[in-house]
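[1] need a 3D model of the sequence below.
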Amino acid sequence: MTGRLEGRLIGLGVTGSIAAYKAVELLRLLRAEGADVAVMLTPAATRFVGPLTFAALSRHPVETELLELLVDGRIGHIVVGDTADAVVVAPATAHWLGAMAGGLAGDVVTATCLATAAPVIVAPAMDGDMWTHPATVANVARLREFGYAIVEPDAGPLASGQTGVGRLADLPAIVEAIVAAVADRPVRAPDPAARPPLVAAARDADLAGRHIVVSAGGTREPIDPVRFIGNRSTGRMGAAVAAAAIDRGARVTVVAANIEVALPPEAVVVRVVSTADLETALSDVSDGGDGRPGFDALVMAAAVADFRPRSRSDVKLPRANALTLDLETTPDILAGIAGRVRSLTPPPVLVGFAAETGSLDRAADKLRRKGVDLLVANDVAEAGSGFGTETNRVSILAADGSCEDLPLQSKRAVADRLLDRVAARLDERDAAAQTGDMIEPAREPA
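    Reported below is the predicted structural model:
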């Protein structure tokens, strides 16, 4: 049976009311009617129901910040406003009604309503005295003048403990109001590409019980106490891998060099600066004792400086017309770790990263030389795929000679595709151990 909202995009705005939890069920009802749903949350709403819940159920990014962009660079609330067949605000607080009546675009919900030509349906919820206050009555009347449909609140027990009119209307009544608002209108944006992009479906906890170590950020090699040699890494890719691993149930340690993004609060973070610091920190977590590795997988997403000054000055060097630096190569940390953990049981999964420019021809050779199971290679000169971007286009090479070329997508999506491979490799390792047929770790050719 085809739902009455089949093919429609409905924008669902949620404000900071105790009834915000009911918006989750409203989303389910809209999906049951065939609707595609994009959710916007005011800052106060996020304190009642987290964005992750709505993202998992809607499969779209949840808009919470006015200045936040979609993965493809578009402005989220403008995209919803331009493509939604209707926008419903449920629950709508007294504060939101006043802001909307005054045209104050201080959050993504009011901004979306101001930016759309679609029908707007408003379902208020608040304390009884707030609902009957002259200011609220005037604000509701003003919204009716805008052409907004108001689904008035019901009578019943309220969050204050009192009984009165103010409860969010029954959800089926809100759905009926939405259906009526779009009944005689064509679908505004049937092309999915015009709508907000889809996000990856929620993942199973396939890394539960695993310890994943992720290195992130760029190392800095000191010239003197003030100056250093570094690179353009921001740590976004490593942070995305860490967050994705945590969401899949892993225990995560992040060895963080110099980064410009927040790391997941659930991760254990070891701070480092230089390549030598990074090498020491990774060595400390590599050996778990009793011939076992200290981790199930190492994802080496850090951008390690390839060169460092052969000597450094203990005092700031004076400014001069020219400065000549004598550079030496830094150790290949990942190759060194691979050499140490190959003999450990069970063998961990090792993942390297290769940032190239212009061509990925050297990636396969790097995979062999470093002795890793997987190598993630990208062209950092490509638009949207370099340091500091929210997106990445990568190729994932495996020790068995296979290569998976991924399209341009968010770094979080890249992280999940990579962890799919890591989780599968770990499952194969454990299955082989149970049958006594241990899989061979990646090896450097003789």
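[2] need the helix or strand of this structure with the lowest average pLDDT.
    Taking mean pLDDT, DSSP states H and E as the measure, the helix or strand of the chain with the lowest value is strand 287-289, at a mean of 78.
[3] right, and the helix or strand after it?
    Proceeding C-terminally, strand 287-289 gives way to strand 292-293 as the next helix or strand, assigned by DSSP states H and E.
[4] quick one: strands adjacent to that next one?
    As defined by DSSP bridges, the strand partners of strand 292-293 come to strand 287-289 (antiparallel).
[5] name the residues that touch the partner strand?
    Judged by Cβ atoms under 8 Å, 6 or more residues apart in numbering, the contacts made with strand 287-289 from elsewhere in the structure are 293-295, 340, 344. Just so you know, the C-beta spots here come from the backbone N, C-alpha and C atoms, and that holds for glycine as well.
[6] tell me which element residue 255 falls in.
    Using DSSP H and E, residue 255 sits in strand 251-256.
[7] over to residue 375?
    Secondary structure from DSSP H and E places residue 375 in strand 374-379.
[8] can you list contacts of that strand?
    The set of residues that contact strand 374-379 without belonging to it, under Cβ under 8 Å, 6+ apart, is 301, 349-360, 363, 366-367, 385, 392-399, 414, 418, 421-422, 425.
[9] just how off-centre is the helix ranked longest in the chain within its chain?
    Using DSSP state H, we find that the single longest helix of the chain is helix 411-435. Taking the mean of its C-alpha atoms, helix 411-435 sits 20 Å from the chain's own mean (Cα atoms, centre = their mean, to the nearest Å).
[10] do stretch 376-395 as well
    Its chain's C-alpha centre and that of stretch 376-395 lie 16 Å apart, by Cα atoms, centre = their mean.
[11] and that stretch, C-alpha only, in PDB?
    Coordinates of each C-alpha in stretch 376-395 appear next as PDB, following Å, rounded to 0.1, in the frame of the first residue of the first chain:
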ATOM      1  CA  VAL A 376      44.500   4.300   2.200                       C
ATOM      2  CA  ALA A 377      45.800   6.500  -0.600                       C
ATOM      3  CA  ASN A 378      44.500   9.900  -1.700                       C
ATOM      4  CA  ASP A 379      45.500  12.700  -4.000                       C
ATOM      5  CA  VAL A 380      45.700  15.700  -1.700                       C
ATOM      6  CA  ALA A 381      46.000  18.100  -4.600                       C
ATOM      7  CA  GLU A 382      42.500  17.200  -5.800                       C
ATOM      8  CA  ALA A 383      39.700  19.600  -4.800                       C
ATOM      9  CA  GLY A 384      37.800  18.300  -1.800                       C
ATOM     10  CA  SER A 385      40.300  15.600  -1.000                       C
ATOM     11  CA  GLY A 386      43.200  17.500   0.600                       C
ATOM     12  CA  PHE A 387      44.200  18.500   4.100                       C
ATOM     13  CA  GLY A 388      41.600  20.500   6.000                       C
ATOM     14  CA  THR A 389      38.600  19.400   4.000                       C
ATOM     15  CA  GLU A 390      35.500  17.700   5.300                       C
ATOM     16  CA  THR A 391      35.500  15.200   2.400                       C
ATOM     17  CA  ASN A 392      38.000  12.800   0.900                       C
ATOM     18  CA  ARG A 393      38.300  10.600  -2.200                       C
ATOM     19  CA  VAL A 394      40.500   7.600  -1.500                       C
ATOM     20  CA  SER A 395      41.600   4.200  -2.800                       C
END
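[12] give the buried residues for it.
    Applying a neighbour-count criterion of 16 or more other Cβ atoms under 10 Å, the buried positions in stretch 376-395 are 376-380, 385-387, 389-395.
[13] what do you get for stretch 216-230?
    For stretch 216-230, a neighbour-count test (16+ other Cβ under 10 Å) marks 216-223, 227-230 as buried.
[14] same thing with stretch 64-81?
    Result for stretch 64-81 [16+ other Cβ under 10 Å]: buried residues 64, 70-71, 75-77, 79-81.
[15] quickly check these for the two that are furthest apart.
    Spatial extent of those (Cβ to Cβ) is set by the pair 71 and 81 at 18.2 Å.
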